[in-house]
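In: sequence? don't have it. structure:
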């Protein structure tokens, strides 16, 4: 896993450096997908033409008009349109990048620059607005956004571990990485990776405050705390 560690003074610079790499990755992937679809369409058209030739040479009882109607459903034009519709349908509710972050730490700085830069580069990006969250659990829309994103970027800042929502998101992110092979690109913003992994330093102070408040709640399941710590360790 790639680790990116940034200080506050480099926020804008790093966001701009990060963008071309992500844009390059997705553009190449889209181009490769488009080339693959074109090759599949050409192959389908060639197979149809071969089948038509063999049918005519074999003295088929079907008239040329009827045979052409049968082949027309596999014509390059219709195959191409069908592929395009399928691609749109399969990716219509998907994101290329999911950003997980602690609003008070980075919303109007690093995260804002990164999000706007990704959007400007044509990369479909989900930015969770944790100020608008309601309830205690991750909603189905947010969970779907994590599962359907190709690259997951948790921006680990000083107070990230103080948020139950952020920690729950991180658990889901790491589960997607381990189970589905999604790319996770953690960014350590004004914190050390070791402090995040082992809950030390200022990051640890914020996390342990969240831990204390959670354990004081009778309804809190201690296994959730273990999941948080495991996700931070990874």
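Out: Arrived safely. Model, not experiment: these values are computed from the prediction. Numbering: from 1, shown residues only.

In: Okay, now the unreliable bits of the chain?
Out: In the predicted model, the chain carries pLDDT under 70 at residues 1-20, 22-24, 26-27, 30-31, 34, 41-93, 129-137.

In: And the strands in it?
Out: All strands of the chain, identified by DSSP state E, fall at 4-6, 95-101, 125-127, 149-156, 183-184, 187-189.

In: all helices for the protein, in order.
Out: Assigned by DSSP state H, the helices in the chain fall at 11-57, 64-72, 76-91, 103-106, 110-120, 140-147, 164-180, 193-198, 201-215, 222-233.

In: Hmm, residue 147 is touching residue 180, no?
Out: Yes. Between residue 147 and residue 180 there is a contact under C-beta atoms under 8 Å: 7.3 Å. No exception for glycine: its C-beta is placed from N, CA and C like everyone else's.

In: Could you find the closest non-adjacent residue to residue 185?
Out: Sequence neighbours aside, residue 153 is the residue nearest to residue 185 in space, at 5.0 Å (criterion: C-beta to C-beta, 6 or more residues apart in numbering).

In: The one you found: neighbour count?
Out: Neighbour count for residue 153, taken as other C-beta atoms under 10 Å: 24.

In: okay, now residue 140: neighbour count?
Out: Around residue 140 there are 8 residues (other C-beta under 10 Å).

In: roughly how far apart are it and residue 147?
Out: 10 Å (C-beta to C-beta, to the nearest Å).

In: One more: residue 208?
Out: Going from residue 208 to residue 147 by C-beta to C-beta gives 30 Å.

In: from what I can see residue 177 touches residue 151, true?
Out: No. Taking contacts as C-beta under 8 Å, residue 177 lies outside contact range of residue 151: 10.4 Å.
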